[in-house]
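K.L.:
can't give you the sequence, but here's the structure:
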């Protein structure tokens, strides 16, 4: 089921994740191995490689999942920024820029580097902060048919007011998404 148009390079701030059905974007310890083995639209990776000008990631993901790797299986080349409160102990890695500044400043830096293409936010915490500041233009989720039960949630903000979203590319933007799954039997 693909209910969105292909991604476009519009200079937007895009909060982009694969997510488990129960709302996790990473497993415990930022584990990402659960993402393997799912199919998607054949051109999906090519869309993001072509439309992404910069990536803004968080320090925890950088330390545990990104490291020396580049997004999209090393196919993507662009500015990669890691935002941290502790730049002094961040290990230097090639062309990855370590930032220590307010999130709104980090987004401005990334947008400039993206040169008209999109900035992808690969951090649940940074995404939450940008959403609260009104700086997220679009949320793009790829929901995988798996229940993790633990890990890093896409949006974790206890006590905050709900944030209503409008679906894109559908006649009724307030319509819920209906999906049906059957558990695999061993």
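P.N.:
Sure, I can see it. Remember, predicted model here, so these are calculated numbers, not experimental data.
K.L.:
For the helix or strand of the chain with the lowest mean pLDDT, which outside residues touch it?
P.N.:
Using mean pLDDT, DSSP states H and E, the weakest-scoring helix or strand in the chain turns out to be helix 59-61, at a mean of 81. Contact with helix 59-61 is made by 26, 30, 82, 83, 84, 85, 86, 90, 122, 123, as judged by Cβ atoms under 8 Å, 6 or more residues apart in numbering. (C-beta placed from N, C-alpha, C; glycine too.)
K.L.:
same thing but at 10 Å, please
P.N.:
Identification of contacts with helix 59-61 by Cβ atoms under 10 Å, 6 or more residues apart in numbering yields 25-26, 29-30, 32, 66-67, 82-87, 89-90, 98-100, 122-126, 152.
K.L.:
Following the chain onward from that helix, which element is next?
P.N.:
strand 79-83 (DSSP states H and E).
K.L.:
any idea how far that following strand is from the chain center?
P.N.:
13 Å (Cα atoms, centre = their mean, to the nearest Å).
K.L.:
What of stretch 147-155?
P.N.:
14 Å.
K.L.:
filter the contacts of helix 59-61 to the buried ones?
P.N.:
25-26, 30, 32, 66, 82-84, 90, 98-99, 122-126, 152 (16 or more other Cβ atoms under 10 Å).
K.L.:
quick one on the thing from earlier: take the contacts of helix 59-61 and keep only those in strands.
P.N.:
Secondary structure from DSSP state E places 25, 26, 82, 83, 98, 99, 122, 152 of the contacts of helix 59-61 in strands.
K.L.:
Show me which of those is closest to residue 159.
P.N.:
residue 152 (18.9 Å; Cβ to Cβ).
K.L.:
So that closest one is in contact with residue 125, correct?
P.N.:
Yes: assessed by Cβ atoms under 10 Å, residue 152 is found in contact with residue 125 at 8.6 Å.
K.L.:
shared neighbours of those two, anything?
P.N.:
With Cβ under 10 Å, 6+ apart, residue 152 and residue 125 have common neighbours 58, 60, 61.
K.L.:
Next one: the last one from residue 55, what distance?
P.N.:
As for residue 61, its distance to residue 55 is 10 Å (criterion: Cβ to Cβ, to the nearest Å).
K.L.:
of the two, who's got more company?
P.N.:
residue 55 (28 against 21; other Cβ atoms under 10 Å).
K.L.:
Return the list of strands paired to the helix or strand where the more buried one lies, each annotated with direction.
P.N.:
Using DSSP H and E, residue 55 maps to strand 52-58. Strand pairing for strand 52-58, using DSSP bridges, gives strand 79-83 (parallel), strand 118-122 (parallel).
K.L.:
Go through these and pick out the most buried.
P.N.:
Each of these was assessed for mean neighbour count using mean count of other Cβ atoms under 10 Å. The highest is strand 118-122, with a mean of 28.
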